[in-house]
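J.: Quick one: sequence plus predicted model below, questions after.
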Amino acid sequence: MNRYKELVIAIMVLFLIFIHAEYSFCHDNHYGNKNVYMIIVNKMTLSDIDNMPNLLGLIEDSSIGLMNVRGLNGYRGAESFATINASNKAFANYDSSQFHNLDKEFKAIYESRIGLMDKQYEVGNIQMGRLYNQNEDNKYSPFIGALGYTLHKSGLKTAVFGNSDTDEELIRTSALIPMDPDGLIDYGNVDDILVKDNFYPYGIRTDYDKILDEIERVKSDASLIVVDTGDLNRLNSYGANLSTDEFYQKRNVILNNIDEFIEGLLNIIDKDNSLLMILSPNSGEERIDGNRLSPIIIWGKNVMKGIVVSNTTRQNGIIANLDISPTVVKFLDLKPENMAGNPIEYVEIEDSLNYIKSIIGPINLMSKTRSKTLSTYGTISLVIILLIIALVLLNIVPNEQILRGLKTGLLLIYVLPLAFMIISSFRIDNLIIFILALTLFSSLVIYVFYKCNSSKNILVVTYLYFILLFFDILLKGYFTKYSVLSHDPIIGARYFGIGNEMVGLFLMVSCMTAGLLYEKYSKKIIPILVMIGTTVLVGHPNLGANVGGTIALLSSSIYFVCGLYGKNLNLKNTILTLFIIGMAIGFLGYLDIRFSHSPTHLGNTLLSINEKGIGFVKNIIDRKLLMNVRLIGISFWTRVIIINIFAQIIVSHYYRDRVNSFMVSRLGNGYLSCIAGSIIGFLVNDSGLILSAISINMATILLLFIVIGEEDKIGQEVDEIG
């Protein structure tokens with residue numbers, strides 16, 4: 001019996017030991033069995049990949065894409081590295097990125113400036129206080145050290161190796177990526193990682209063999225390992241001293257070394273439990289192509305062959321630097337905190353590299369020509385408008401041919417935005433072809449309508465605008481993705497849906513289309529459905545998701561409905577309008593948070609308000625007001641608005657009867673609703689000036705086109721086109 005008891009006790013003890021060991025193992029390694037390797041190849045370009053055979057081979061089993069690298073202000077320097085960490089727009093510079101190995105000397109400096117460390121760390125930022133001071137007034141309110149904080153909170157460890165130092169300054173910006181809010185990193189070597197080599201810029205190069213040894217040392221303990229290859233960055237700063245041949249010779253050797261390092265790294269990591277990210281946090285080498293979108297390659301567990309995408313951009317092949325940290329956190333089975341970006345996802349595609357090369361050209365052309373094209377369009381508009389106003393003020397009555405020419409000019413500037421949209425669907429990447437296509441399309445449209453010679457031409461174009469924009473939003477930018485009126489992925493203010501330029505255009509044509517349909521069918525439900533439909537399209541989280549544009553369109557819709565039913569916009573109706581707008585935005589935000597796989601800007605804003613408090617609302621308002629104030633002071637569009645207002649006042653005075661006749665018509669209700677929505681759009685958008693200017697400019701063109709025509713035909717032709 002005693003032997004039986006002893007046997008039972010022994011079995012129970014062994015069982016408890018086994019259970020405890022198993023539990024302990026699972027507890028200690030639940031997160032620790034995965035590794036993320038982030039290889040920083042700063043200043044890398046798409047064309048560099050063609051000279052890196054190992055990387056080309058890796059792409060056959062990876063996803064590739066382009067990354068927006070904009071930090072708080074620009075595309076170079078330390079701020080993009082800090083932005084990657086915070087997953088929000090952050091600022092940093094070399095002075096606030098002074099990372100060192102925390103030996104006795106630098107550990108003492110760190111603790112005297114920041115405070116005592118709670119445990120042993122190998123790398124730390126001795127200028128962490130400066131970094132916080134630099135972001136004190138940052139209106140985006142980034143959580144500095146968010147990535148490191150999330151990992152450390154879950155008991156995971158981080159590591160960093162390498163630097164981009166020159167012989168004159170310390171450049172340790174890559175360490176900004178894995179640091180926690182105290183500027184600390186568990187493992188690493190940023191001080192003793194270079195070797196002397198006179199062939200390389202500044203006579204130094206990265207010791208890749210040493211980095212591979214360091215990775216072997218920590219990979220079983222560190223979940224996130226960041227490597228700064230450094231040499232391309234040094235070449236960029238040293239390049240002005242080199243001839244073209246010498247520059248490319250050194251660059252090819254550097255690329256070959258990085259390529260061999262990647263091959264060596266692949267030999268020591270386990271794909272089934274690893275994620276490898278190769279990226280350039282800054283824009284590419286300006287001496288090669290000047291692309292501001294940099295390449296990113298992702299390989300590892302659950303990464304399919306194809307291209308990257310995220311809910312931040314919703315553009316195949318494009319992600320933002322905000323998305324890097326959420327991707328790391330998701331891979332490590334953690335929950336992202338204090339991060340504005342979204343995890344990167346993958347779209348399967350066969351020839352992924354060539355696809356990325358095919359979209360970078362149209363994106364670059366659109367970004368480079370956008371400002372000049374729109375300002376040229378605005379200038380032409382002002383010249384024609386001012387010419388007509390001058391004739392009015394001088395009391396010059398144009399003959400039939402001059403009148404026809406003026407109307408053709410007005411029609412030209414009314415049609416040009418349509419041309420911008422149509423030709424963009426051909427993905428043009430050459431400036432000369434762009435100009436020829438724009439000229440050809442505009443000339444063709446003008447020729448057709450010139451032959452018709454009717455005041456209803458401009459109303460036909462209004463219908464065309466409405467139909468095109470309506471379906472373009474439904475098809476998520478199929479026609480206008482690469483248009484100068486669309487969003488610019490390089491600027492990064494907006495990547496999907498409908499931007500403020502397009503909202504201004506859509507606002508105007510929606511109001512006028514609603515007026516035309518009411519003129520034709522005399523049924524109030526039709527224009528009401530048009531206005532509600534356009535508002536939903538612009539505000540829907542999966543389509544437009546433009547909050548300021550939604551408020552502008554909703555305001556114009558309410559004004560239109562008030563006009564339909566003869567209601568004045570008194571205090572009571574104004575309060576009701578504000579209530580409806582608030583409820584609508586709240587409802588769209590609820591839908592965004594509740595049903596969206598990853599919330600859009602609206603949903604994230606509401607979540608941030610809930611998380612950070614009412615002070616975050618103040619930051620948003622301040623940022624939008626400051627942007628509008630800045631734009632008013634420097635933007636060309638300020639003059640566009642002022643001259644348009646002046647033109648409308650002059651025309652209303654000198655053609656009082658015609659304008660009154662137009663305004664009291666059902667079409668006039670659409671016109672006034674457009675003006676009301678433009679004013680609200682200006683007030684609630686951070687770049688509302690552009691929205692308002694485009695909308696009012698188009699409205700002025702339409703008004704002049706109708707008013708300067710033959711008076712007795714105006715009403716008749718409006719009826720016909722309606």
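T.: Thanks, I have it.
J.: quick one, phi psi at the most centrally placed residue in the chain?
T.: Residue closest to the mean C-alpha point of the chain, counted by C-alpha atoms, centre = their mean, is residue 492 at 2.8 Å. With angles defined as degrees, to the nearest 10, residue 492 shows backbone torsions of phi 80, psi 10.
J.: residue contacts, it?
T.: With contacts defined as C-beta atoms under 8 Å, 6 or more residues apart in numbering, residue 492 is in contact with 68, 70, 320. Where C-beta positions appear, they are placed from N, C-alpha and C, glycine not excepted.
J.: Same list (those residues) but as a markdown table, adding secondary structure, distance to residue 482 and neighbour count.
T.: Putting the contacts of residue 492 into a markdown table (DSSP: H, G, I helix; E, B strand; the rest coil; distance: C-beta to C-beta, whole Å; neighbours: other C-beta atoms under 10 Å) gives the following:
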| residue | secondary structure | distance to residue 482 | neighbour count |
| --- | --- | --- | --- |
| 68 | strand | 16 | 25 |
| 70 | coil | 19 | 23 |
| 320 | strand | 18 | 23 |
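J.: Report the separation between the residue nearest to the centre of the chain and residue 254.
T.: To residue 254, residue 492 is 28 Å away according to C-beta to C-beta, to the nearest Å.
J.: Residue 665 too?
T.: With C-beta to C-beta as the criterion, residue 665 and residue 254 are 69 Å apart.
J.: What about the nearest residue to residue 218 once chain neighbours are set aside, how many residues nearby?
T.: Of all residues beyond its chain neighbours, the one nearest residue 218 is residue 187 (4.4 Å), with distances taken as C-beta to C-beta, 6 or more residues apart in numbering. Applying other C-beta atoms under 10 Å, we find 22 residues neighbouring residue 187.
J.: What of residue 479?
T.: 17.
J.: quick check, residue 405 in a helix?
T.: Yes - going by DSSP: H, G, I helix; E, B strand; the rest coil, the assignment for residue 405 places it inside a helix.
J.: Report pLDDT for it.
T.: Reported pLDDT at residue 405 in the predicted model: 83.
J.: And residue 466, its phi and psi?
T.: In terms of degrees, to the nearest 10, the main-chain angles of residue 466 are phi -60, psi -50.
J.: I'd assumed residue 510 was in contact with it.
T.: Yes - at 6.3 Å, residue 466 counts as touching residue 510 under the criterion of C-beta atoms under 8 Å.
J.: Among these two, which residue is more densely surrounded?
T.: Each of residue 466 and residue 510 has its neighbours counted (other C-beta under 10 Å); residue 510 has more, 32 against 23.
J.: Isn't that one up against residue 530?
T.: Yes - counting by C-beta under 8 Å, residue 510 does reach residue 530; the two are 6.5 Å apart.
J.: Give me the distance between the residue nearest to the centre of the chain and residue 173.
T.: Taking C-beta to C-beta as the measure, residue 492 falls 19 Å from residue 173.
J.: and what of residue 676?
T.: Using C-beta to C-beta, residue 676 is found at 48 Å from residue 173.
J.: likewise residue 297?
T.: When C-beta to C-beta is applied, the distance between residue 297 and residue 173 equals 20 Å.
J.: which one of these two has more residues nearby?
T.: Comparing residue 297 with residue 173 by neighbour count (other C-beta under 10 Å), the higher total belongs to residue 173, at 27 against 24.
J.: From what I see, the more buried one and residue 77 are in contact.
T.: Yes - taking C-beta under 8 Å as the contact criterion, residue 173 and residue 77 are neighbours in contact, 7.4 Å apart.
J.: Identify the contacts common to the two.
T.: Taking C-beta under 8 Å, 6+ apart as the contact criterion, the common neighbours of residue 173 and residue 77 are 92, 94.
J.: how about residue 121, secondary structure?
T.: Secondary structure for residue 121, judged by three-state DSSP, is coil.
J.: Return the distance of the helix of greatest length in the chain from the chain's centre.
T.: Ranked by number of residues, the top helix in the chain under DSSP state H is helix 352-393. With C-alpha atoms, centre = their mean, to the nearest Å as the basis, the distance from the averaged C-alpha position of helix 352-393 to the chain average is 20 Å.
J.: Mind checking the pLDDT average for it?
T.: For helix 352-393, mean pLDDT is 93.
J.: Over to stretch 410-419?
T.: The predicted confidence, averaged over stretch 410-419, sits at 91.
J.: got the contact list for it?
T.: Where contact means C-beta under 8 Å, 6+ apart, the residues beyond stretch 410-419 that reach it are 377, 380-381, 384, 388, 438, 441-442, 445-446, 449-450, 457-458, 461, 464-465, 468, 485, 505, 694, 698, 701-702, 704-705.
J.: Which strands or helices does the helix or strand where residue 347 lies pack on?
T.: Counting by DSSP states H and E, the element that carries residue 347 is strand 345-348. With contacts defined as 3 or more C-beta pairs under 8 Å, 6 or more residues apart in numbering; DSSP states H and E, the secondary structure elements packing on strand 345-348 are strand 306-309.
J.: Now the strand it packs on: average pLDDT?
T.: The predicted model assigns strand 306-309 a mean pLDDT of 97.
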